[in-house]
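Undergrad: got a sequence here, can you model it:
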Amino acid sequence: MAVASTKFSRRSSKPFPSLAREIRACMIYPTRTAIVITALGVPLALVLGMLAPGWWLWGVAWLFLAAGLAFADALLAGSRHALRIESSLPEIAMMGRPANASFSLRFAGRFAPQDFEAVLDANARLGVSPVRQTVSVLGREAIATFQLEPLRRGEAVLESLWMRWRGPMGLIWKQRKDNLAMPIPVVTNVAAVMDEAMLLFERGSLGLHVQLHAGAGAEFHALTEFQPGMDRRSMDWKQSARHGILLAKEYQAEQNQHVVIALDTGRLMSEPLLGQPRLDRALQAALLLAFVGLKLGDRVGFFAFDEKPKFASGTLVGSAAFPQLQRLAASLDYSTAETNFTLGLTQLAGELEHRSIVVVFTDFSDTTSAELMLENVARLLRRHLVLFVVFRDEELESMIRKEPVSPEDVTRAVIADSLLREKEVVVSRLQRLGVDIVDVPAHQIGAGLVGAYLSVKHRHRV
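TA: Take a look at the predicted model:
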């Protein structure tokens, strides 16, 4: 946690000029109670003037009395300049994991309020709760804690902290605004990625268990005694004759293969899918694949593009390279630009020196917009193996399955069916080209992609 302290000067020895400045700055204003009490002076003056014309001045005196009490309440209320604040903020915020921002306040003057109200402003990337809270002051100190809910990746900013408190008579509010301008990067939930990866390793699912690598790759691993059901082509006749028993060669998945993850960051990838931008889902799956690939000894790299290439990390090896890929993923922001497949994928193909597994994360709206994507994926296939991740739009599928109860429902179903059919046409063309398709529900993209990657490795197709 990053802790930032801000201290303020003592209360001025000349309170009246300071109080006048605060009133002009609208930092002191009457409460509802003060307004009601003051307003009572008007009917009082009218009634007294009607009953006894000589007593109407008592109504005016009431107004001056209310104003004097409010002025005294303002003097007795805790000073804005005697308030010291220390903040405890998270260094980063992860998508899907709320964080806390705490502000420790101490009133150093002679008078401290019993409680105060606090409001924290942030930009659109963070949700703050509660919106407004009342905090009790104990022994001149109080702690205001807000829960920060990351809404979108990027740089979130805590903009300002508003506080206000009443005087001891409850007649005035004193208000203070602190401009924080404190950035908090909102990143992909890497902890969830690593938890999912470790679960895959622990339970040996998707062929990740070490024993499952044997016999499924192209790299020689060991000799083992031949068992019924094993492939006879794996028998080693020379070693069998030497040892007097039938021996078979055991293979394991090859290591040091090149895996390049191509991320489209254009406009369509910024649109939500089941409440989460497609780019965020792609990054989470990409980081999961990178973690598994690095653990298995492969070389993994990221390539990002929209209307032009954004960065190319090159292929990295070893688990120690994962934090670097994590930082690159965190730097990717949303874009409103149209994706230029020709420029992006052509540059990617030119930078790949070895035959690689190229994982493409992108989306398309219709067959026309997908033409250039298909053309450039076909060029990649001349030398590389391509895994294409399809973002299954479950919202469109639900529109088709939903029983129509109005003409609008029928219209939505027809349009949704048309869009899905166009997507199926593009996916079929990709399959005919020889692209491996990863088509799973949105919440299973990571696991489905890892399964497809391991299947490619085990079939030693690279």
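Undergrad: ok, the most centrally placed residue in the chain to residue 130 distance?
TA: Centroid-nearest residue in the chain, with CA atoms, centre = their mean: residue 95, separated by 3.3 Å. Per CB to CB, to the nearest Å, residue 95 is found 21 Å from residue 130. All C-beta atoms are positioned from the backbone trio N, CA, C, and that covers glycine.
Undergrad: how about the contacts made by the residue nearest to the centre of the chain?
TA: 150, 153, 186, 187, 188, 189, 280 (CB atoms under 8 Å, 6 or more residues apart in numbering).
Undergrad: the helix or strand encompassing the third one: what's the following helix or strand?
TA: Right, the one you point to is residue 186. Element membership of residue 186 [criterion: DSSP states H and E] is strand 172-187. Downstream of strand 172-187, the first helix or strand assigned by DSSP H and E is helix 190-203.
Undergrad: helices along this protein, start to end?
TA: In the chain, the segments counted as helices under DSSP state H are 15-24, 32-39, 41-51, 57-76, 190-203, 210-213, 237-243, 278-295, 322-330, 341-351, 367-381, 394-401, 407-433, 445-458.
Undergrad: identify whichever of the ones you listed lies nearest to residue 360.
TA: Evaluated over the helices of the chain, closeness to residue 360 peaks at helix 367-381, with 6.8 Å, by CB to CB.
Undergrad: how about the closest one: buried residues?
TA: Residues of helix 367-381 classed as buried by neighbour count (16 or more other CB atoms under 10 Å): 369, 370, 372, 373, 374, 376, 377, 380.
Undergrad: as JSON lines, the residues you listed with distance to residue 135 would be great.
TA: What follows is the buried residues of helix 367-381, written out as JSON lines (distance: CB to CB, whole Å):
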{"residue": "369", "distance to residue 135": "53"}
{"residue": "370", "distance to residue 135": "55"}
{"residue": "372", "distance to residue 135": "57"}
{"residue": "373", "distance to residue 135": "54"}
{"residue": "374", "distance to residue 135": "59"}
{"residue": "376", "distance to residue 135": "58"}
{"residue": "377", "distance to residue 135": "57"}
{"residue": "380", "distance to residue 135": "58"}
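Undergrad: kindly reformat these as JSON lines containing pLDDT and distance to residue 99.
TA: Below are the buried residues of helix 367-381 laid out as JSON lines (pLDDT from 0 to 100; distance: CB to CB, whole Å):
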{"residue": "369", "pLDDT": "77", "distance to residue 99": "39"}
{"residue": "370", "pLDDT": "87", "distance to residue 99": "40"}
{"residue": "372", "pLDDT": "88", "distance to residue 99": "41"}
{"residue": "373", "pLDDT": "91", "distance to residue 99": "38"}
{"residue": "374", "pLDDT": "92", "distance to residue 99": "43"}
{"residue": "376", "pLDDT": "92", "distance to residue 99": "41"}
{"residue": "377", "pLDDT": "93", "distance to residue 99": "40"}
{"residue": "380", "pLDDT": "93", "distance to residue 99": "40"}
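Undergrad: between the residues you listed, which is closest to residue 358?
TA: Set against residue 358, the nearest of those by CB to CB is residue 380 (5.7 Å).
Undergrad: what is the mean pLDDT for stretch 132-146?
TA: Stretch 132-146 shows a mean pLDDT of 89 in the predicted model.
Undergrad: touching it from outside, list them.
TA: 100-108, 112-120, 128-130.
Undergrad: stretch 168-181 now?
TA: 6, 22, 26-31, 33-34, 37, 69-70, 72-74, 76-78, 80, 83, 85, 87, 111, 113, 157-167.
Undergrad: one more pass at 7 Å, please.
TA: Residues outside stretch 168-181 that contact it (CB atoms under 7 Å, 6 or more residues apart in numbering) are 27-31, 33-34, 69-70, 73-74, 76-78, 80, 83, 85, 157-166.
Undergrad: how about stretch 309-318: buried residues?
TA: Applying a neighbour-count criterion of 16+ other CB under 10 Å, one finds 309, 310, 312, 313, 315, 316, 317 buried in stretch 309-318.
Undergrad: among those, which ones are in strands?
TA: Members of the buried residues of stretch 309-318 lying in strands (criterion: DSSP state E): 309, 310, 312, 316, 317.
Undergrad: could you dump those residues into JSON lines and include distance to residue 364 and pLDDT?
TA: Formatted as JSON lines, these follow (distance: CB to CB, whole Å; pLDDT from 0 to 100):
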{"residue": "309", "distance to residue 364": "19", "pLDDT": "92"}
{"residue": "310", "distance to residue 364": "19", "pLDDT": "91"}
{"residue": "312", "distance to residue 364": "23", "pLDDT": "90"}
{"residue": "316", "distance to residue 364": "29", "pLDDT": "91"}
{"residue": "317", "distance to residue 364": "33", "pLDDT": "90"}
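Undergrad: show me what residue 186 is bridged to.
TA: Per DSSP bridges, the residues bridged to residue 186 are residue 93, residue 154.
Undergrad: per the record, what domains does this structure have?
TA: Domain assignment of the chain by automatic domain parsing yields the ranges 1-186, 190-196+254-458.
Undergrad: could you identify which of those has the lowest mean pLDDT?
TA: domain 1-186 (a mean of 78).
Undergrad: burial measure for the residue lying closest to residue 99 once chain neighbours are set aside, as a count.
TA: Among residues not flanking residue 99 along the chain, residue 90 sits closest, at 4.1 Å (CB to CB, 6 or more residues apart in numbering). The burial count assigned to residue 90 is 17, neighbours taken as other CB atoms under 10 Å.
Undergrad: so how far is residue 81 from residue 90?
TA: 29 Å.
Undergrad: what about residue 384, distance to residue 325?
TA: Residue 384 sits 20 Å away from residue 325, taking CB to CB as the criterion.
Undergrad: right, and residue 442 touches residue 394 too?
TA: Yes: contact criterion CB atoms under 7 Å: residue 442 and residue 394 qualify, at 6.3 Å.
Undergrad: out of the two, which sits in the more crowded spot?
TA: Per other CB under 10 Å, whichever of residue 442 and residue 394 has more neighbours is residue 442, with 17 against 14.
Undergrad: show me what contacts that one?
TA: Residues near residue 442 by CB under 7 Å, 6+ apart: 273, 274, 281, 391, 392, 394.
Undergrad: biggest separation within these, which pair?
TA: Based on CB to CB, the longest span within the contacts of residue 442 runs between 281 and 394 and measures 12.0 Å.
Undergrad: picking up where we left off before, which single one of the buried residues of stretch 309-318 is nearest to residue 429?
TA: residue 309 (24.9 Å).
Undergrad: not counting sequence-adjacent ones, nearest residue to that closest one?
TA: Counting by CB to CB, 6+ apart, the residue nearest residue 309 is residue 347, at 5.0 Å.
Undergrad: try residue 402
TA: Leaving aside its sequence neighbours, residue 402 sits nearest to residue 409 (CB to CB, 6+ apart; 6.6 Å).
Undergrad: contacts for stretch 426-436?
TA: Stretch 426-436 is contacted by residues 364, 367, 370, 374, 377-378, 381, 386-388, 390, 437, 439, 452, 456 when judged by CB under 7 Å, 6+ apart.
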